[in-house]
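Chemist: I need the structure of the sequence given here:
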Amino acid sequence: MKPSVIQTFEILGRPQIVATLGKMSQVSVAVVGDFCLDAYWMIDRGASEISIETGLATEPVKSQRYAPGGAGNVVMNLAALAVRQVYPVGVVGDDPFGHELRRLFNHSRINSCSLISQADGWSTHTYIKPCVEEQELSRIDHGNFNRLSAATEQELFAKLEETLGKVSVVLINHQVSGSIHDSKSFRERLRQVTESHPHICFIIDSRGYHEAYPHAIHKLNEKEVMRASGRPVADGDQASLELVIQQAESLRARWESPLVVTRGDRGCLVFPDDSPRQIFGLHLPGRVDPVGAGDTFSSAFAAAVSTGGDLTTAAAVANIAAAVTAQKLFQTGTASPEEILELGETANYIYSPELAEGPSRAQYIAGSEIELINGPLPDCQIRHAIFDHDGTISTLREGWEKIMEPMMIKSILGFQNETADKTLLSRVKERVREYIERTTGIQTIAQMAGLVELVHEFGIVPKGLIQSAASYKGIYNEELMALVNLRLGKLDRGELEVSDFTLKGAVSFLRALREAGVRLYLASGTDEDDVKNEAERLGYAELFNGGIFGSVGVIEKDAKKIVIERILNEVDGAFNQLVTFGDGPVEMREARRGALAIGVASDELRRFGPNAEKRARLIRAGAEAVLPDFSQWQKLWGLLHLPQPHYVASPA
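Modeler: Got it, this is the predicted structure:
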């Protein structure tokens, strides 16, 4: 079976998000499933002692926290979304954990009248997670051996029938061993319920029983799609996008029902009919914890569907909601309408992840190394061009990461810089490298603000000795400028030339653009005085008749964002007049607001040729074309619909 052509769903705007969220307070949802309790026991081994009885070291619990999990987390998410009423329909044990779960459900929007206790043969599904220094130890599970009694099943369906008259959507949840769904009798009766109430929308989110409830909207992740198709994927492996689409469409045809397939940070796929849609994932700037994000997606999707919205819009809202929860560490979090709207308005999306990670998929302009990401560039009449500086034109600061990394590590370790053990040093290095990769292209002052957070996160430096972002920036700049000044000194002495510090073809391209009447702007995250000085020393400052802009030391005043906003205002919405060139994700994401985004993924050490890591980052950030350098700029010229400058030979 050949999969359908996937269509990309446009990013949701504020009006769509507001409209969907605003209707949720008018609907009620039932949740039928596995109600669990997550227990977080924070262990402080500093108080450990040897047990007299066993001779083993104790695990002292300093604090403990409990939160609903599984279908319970779905219920809490629906309450957080401010739906009118949530009806949990399921079974808990007559035990302390069951009592705690009922206590946590004591909420004005939760009606627990259909939550039944089974005294014998049923333990509340509880997952105890001991944590030592933010690291989770082996989990302790309750409820794996549960068996649903006939009497409980009968009572459960009586309660469900009462609830169906009060809701428009029923979310069927299955997540655990010892589930109510393990009963064949239960599955058959619930299937009959889904078929006998066609006016109610049923959504099934199950790890193994989708086949039992075909007449529902099916929410699965990629691995569940492959497993349901009889083609399971091994842990650590990932099926190709094309294969997932093909198998999902087969399941949709088999079940004769719509599908939604979640893909983690790659977003989700929606199969409402014969025209599947792809919704991109969100780039999240900080640490993430995916625990509970799937429940948030299901909850927000069910609530959005219940408002009468189409499945794709519902999935797009749910995609944002899941990203909100993923940013909440060490908890099975929820997402409120306010949080969803805030993230939805400022979200940065991850574009074309398969292409970014698969260079073999690349498509190039004939006879060139210029990669086109989504086919031909859109029609444009370029009159303005924004250039990033470092790594896009200049290589004076090549190797800045090798200065920033040890500087950040030293700042985090403080007095332990010389004595830290290998484990701690490895943890710090990993966090710093991940952070630098994620923040490449933003202002240095913003990166240093992130360093302050990292210093607090590791807690090695006493709070009173932690420096400000400006102080850390001063330390970094002093070390970096020593390298830059050394290189400029060689330029002044004639030992090296301008071409030794610029990407191949960059200056020629700038001159050609200026000759063609394009207004040029230089926008950098580096301090403004330094950017101007380096552009003058390299001999092309006068080409930027639109101005040279850099950091002014204020995080809120990012030069790239300000310049792009100003130009977009100047062109009065004529976005096809603006192109942005850069080697960092920031300028690509800003340009995606309407301008043309062209990435420059160059090997800065050689000053030409591709850099695979940069290419991947730029594509994920939304670049519409990627160049390894400017040596073939004539081939790009025609795609930008630019007039031919009088001194330039015809493009090859």
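
Chemist: Looking at this structure, which helix is longest?
Modeler: With secondary structure taken from DSSP state H, the chain has its longest helix at helix 469-492.

Chemist: counting contacts, what elements does it pack onto?
Modeler: With contacts taken as 3 or more C-beta pairs under 8 Å, 6 or more residues apart in numbering; DSSP states H and E, helix 469-492 sits against helix 400-413, helix 444-458, helix 528-537. Where C-beta positions appear, they are placed from N, C-alpha and C, glycine not excepted.

Chemist: Mind listing what's buried along the last one?
Modeler: It stands for helix 528-537. By 16 or more other C-beta atoms under 10 Å, the buried positions in helix 528-537 come out as 528, 530-532, 534-535, 537.

Chemist: Next, the angle from it to helix 444-458.
Modeler: Angle, helix 528-537 to helix 444-458, by axes from the mean of the first three to the mean of the last three C-alpha atoms, to 10 degrees: 130 degrees.

Chemist: For helix 528-537, what does the pLDDT average out to?
Modeler: Regarding helix 528-537, the rounded mean pLDDT is 93.

Chemist: next helix or strand past that helix?
Modeler: Downstream of helix 528-537, the next assigned helix or strand under DSSP states H and E is strand 547-551.

Chemist: picking that back up, among the helices and strands packed on helix 469-492, which is nearest Thr296?
Modeler: Among these, helix 444-458 comes nearest to Thr296, with 24.1 Å by C-beta to C-beta.

Chemist: The longest helix of the chain vs helix 400-413, what angle?
Modeler: Using the same axes, to 10 degrees: helix 469-492 against helix 400-413 is 150 degrees.

Chemist: buried set for helix 469-492?
Modeler: For helix 469-492, by 16+ other C-beta under 10 Å, it's 469, 472-473, 475-477, 480, 483-484, 487-488, 491.

Chemist: now the buried residues of helix 528-537 in TSV, with distance to Arg266?
Modeler: Shown next, in TSV, are the buried residues of helix 528-537 (distance: C-beta to C-beta, whole Å):
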residue	distance to Arg266
Glu528	37
Asp530	38
Val531	36
Lys532	41
Glu534	38
Ala535	39
Arg537	43
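
Chemist: can you pull out the strands in the stretch 501-650 of the chain?
Modeler: Taking DSSP state E, counting those that start in this stretch, the strands of the stretch 501-650 of the chain run over residues 519-527, 547-551, 578-582, 596-600, 625-627.

Chemist: who wins for proximity to Gln16 among these?
Modeler: strand 596-600 (23.2 Å).

Chemist: Show me what that closest one is packed against.
Modeler: Against strand 596-600 (3+ C-beta pairs under 8 Å, 6+ apart) you get strand 578-582, helix 585-591, helix 612-620, strand 625-627.

Chemist: rank those by pLDDT, which is bottom?
Modeler: helix 585-591 has the lowest average pLDDT among the helices and strands packed on strand 596-600, namely a mean of 86.

Chemist: ok, residues contacting that helix?
Modeler: 283, 348, 386, 388, 440-442, 523, 525, 558, 560-561, 564, 578-582, 597, 599, 617-618, 620-623 (C-beta atoms under 8 Å, 6 or more residues apart in numbering).

Chemist: Span of stretch 359-368 from start to end?
Modeler: Its first and final residues considered, stretch 359-368 spans 15 Å by C-alpha to C-alpha, to the nearest Å.

Chemist: From here on, call the first residue 14.
Modeler: Done: numbering now begins at 14, and the last item shifts to stretch 372-381.

Chemist: For it, could you pull out the residues that count as buried?
Modeler: Buried, per 16+ other C-beta under 10 Å, within stretch 372-381: 378, 381.

Chemist: For it, the averaged confidence score.
Modeler: On average, stretch 372-381 scores 91.

Chemist: What angle do strand 560-564 and the longest helix of the chain make with each other?
Modeler: 130 degrees.

Chemist: Lowest-scoring secondary structure element of the protein by mean pLDDT?
Modeler: The weakest-scoring helix or strand in the chain, judged by mean pLDDT, DSSP states H and E, is helix 572-583 (a mean of 71).

Chemist: what packs against it?
Modeler: Under the contact criterion of 3+ C-beta pairs under 8 Å, 6+ apart, helix 572-583 touches strand 397-400, strand 532-540, strand 560-564, strand 591-595, helix 598-604.

Chemist: Using CSV, write out every CA atom in the second one.
Modeler: Taking Å, rounded to 0.1, in the frame of the first residue of the first chain, the C-alpha atoms of strand 532-540 are listed here in CSV:
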residue,chain,number,x,y,z
ARG,A,532,19.3,47.0,1.3
LEU,A,533,21.7,45.1,3.6
TYR,A,534,21.5,44.8,7.4
LEU,A,535,24.0,43.1,9.7
ALA,A,536,22.4,41.7,12.9
SER,A,537,24.4,39.8,15.5
GLY,A,538,24.2,38.5,19.0
THR,A,539,27.7,39.8,19.7
ASP,A,540,28.2,43.2,21.3
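
Chemist: just checking, Asp287 is part of a strand?
Modeler: No: using DSSP: H, G, I helix; E, B strand; the rest coil, the secondary structure at Asp287 is coil, not a strand.

Chemist: what's the neighbour count on it?
Modeler: 9 (other C-beta atoms under 10 Å).

Chemist: Per-residue pLDDT of it, please?
Modeler: The model's pLDDT for Asp287 equals 75.

Chemist: same deal with Lys15?
Modeler: On the pLDDT scale, Lys15 gets 54.

Chemist: The one 5 residues further on too?
Modeler: For Gln20, the pLDDT comes out at 75.

Chemist: List the contacts of the nearest residue to it once chain neighbours are set aside.
Modeler: Nearest non-adjacent residue to Gln20, counting by C-beta to C-beta, 6 or more residues apart in numbering: Arg290, 5.4 Å away. The neighbours of Arg290, taking C-beta under 8 Å, 6+ apart as the test, are 19-22, 282-283, 325, 328.

Chemist: hey, what's Met55 bridged with?
Modeler: Going by DSSP bridges, Met55 is paired in beta bridges with Ser76, Cys144.

Chemist: what number of residues lie near the nearest residue to Leu591 once chain neighbours are set aside?
Modeler: Of all residues not flanking Leu591 in the chain, Ala608 sits nearest, at 3.9 Å (C-beta to C-beta, 6+ apart). When neighbours are defined as other C-beta under 10 Å, Ala608 has 25 of them.

Chemist: Next, Ala608: phi, psi?
Modeler: Backbone torsions for Ala608, taken as degrees, to the nearest 10, come to phi -90, psi 180.

Chemist: What pLDDT is listed against it?
Modeler: Predicted confidence (pLDDT) for Ala608: 85.

Chemist: ok, Tyr140 touching Leu50?
Modeler: Yes: using C-beta atoms under 8 Å, Tyr140 is in contact with Leu50, at 7.3 Å.

Chemist: Overlap in contacts, those two.
Modeler: Residues touching both Tyr140 and Leu50 (C-beta under 8 Å, 6+ apart) are Gly82.

Chemist: Next secondary structure element downstream of whichever strand or helix holds Thr309?
Modeler: Thr309 is part of helix 306-319 when elements are defined by DSSP H and E. Next helix or strand after helix 306-319 toward the C-terminus (DSSP H and E): helix 324-339.

Chemist: avg pLDDT for that following helix?
Modeler: Computed over helix 324-339, the mean pLDDT rounds to 93.

Chemist: Let me know whether His120 touches Ala92 as I believe.
Modeler: Yes: applying C-beta under 8 Å as the test, His120 and Ala92 come out as touching, 5.3 Å apart.

Chemist: Neighbour count: these two, which is higher?
Modeler: Counted by other C-beta under 10 Å, His120 and Ala92 do not tie: Ala92 has more neighbours, with 20 against 13.
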